[in-house]
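[1] coords below, sequence missing:
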């Protein structure tokens with residue numbers, strides 16, 4: 001059983017919540033979200049918000065807070081093989097009320113289908129928009145395609 005050890009990033013001014021499924025092996029090693037250099041999340045967020053691509057964890061947190069983006073994952077703990085979302089079993093969800101009670105979240109987005117499926121399963125009374133995964137495993141879209149699809153968050157940042 002793997003346990004999520006990365007805390008959520010948000011503050012009272014956060015207006016959108018982006019949820020992944022569970023941190024990859026590399027993210028668990030670096031102790032921050034989307035730590036694999038091939039994951040396109042930070043490049044996509046930077047492009048969509050008109051910011052420089054952040055490198056350090058502090059720069060990443062600053063970008064999120066400045067652009068009113070809350071970031072976390074749906075899963076608190078699970079059985080997972082490597083970083084494969086397809087292998088996720090025995091899920092315990094994170095308590096997202098932590099964010100919902102602190103910030104006026106206007107829109108929820110998920111980074112990929114697994115996060116979307118699990119979010120809607122454990123939060124049936126909340127709506128979310130499923131965006132294509134920024135994972136390198138999602139080869140169906142290049143960086144430009146991801147930026148185009150993810151540009152829907154612009155209205156909230």
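    That came through fine. This structure is a prediction, so every number in the text was calculated from the model and none was measured.

[2] in what helix or strand does residue 150 lie?
    In the assignment (DSSP states H and E), residue 150 maps to helix 143-150.

[3] what residues are up against residue 110?
    Residues in contact with residue 110, defined by C-beta atoms under 8 Å, 6 or more residues apart in numbering, are 18-20, 74, 116, 119, 128-131. No exception for glycine: its C-beta is placed from N, CA and C like everyone else's.

[4] at 10 Å what do you get?
    17-21, 73-74, 116-120, 128-131, 133 (C-beta atoms under 10 Å, 6 or more residues apart in numbering).

[5] sorry, back to before: in the helix holding residue 150, what's buried?
    146-147, 150 (16 or more other C-beta atoms under 10 Å).

[6] isn't residue 6 right next to residue 31, touching?
    Yes - with contact defined as C-beta atoms under 10 Å, residue 6 and residue 31 form a contacting pair (6.2 Å).

[7] shared neighbours, the two?
    Among the neighbours of residue 6, those also in contact with residue 31 (C-beta under 10 Å, 6+ apart) are 23, 57.

[8] neighbour-wise, which of these two wins?
    Neighbour comparison, residue 6 and residue 31: the larger count goes to residue 6, with 18 against 12 (by other C-beta atoms under 10 Å).

[9] pretty sure that one sits in a strand.
    No - the assignment for residue 6 is coil, going by DSSP: H, G, I helix; E, B strand; the rest coil, so no strand is present there.
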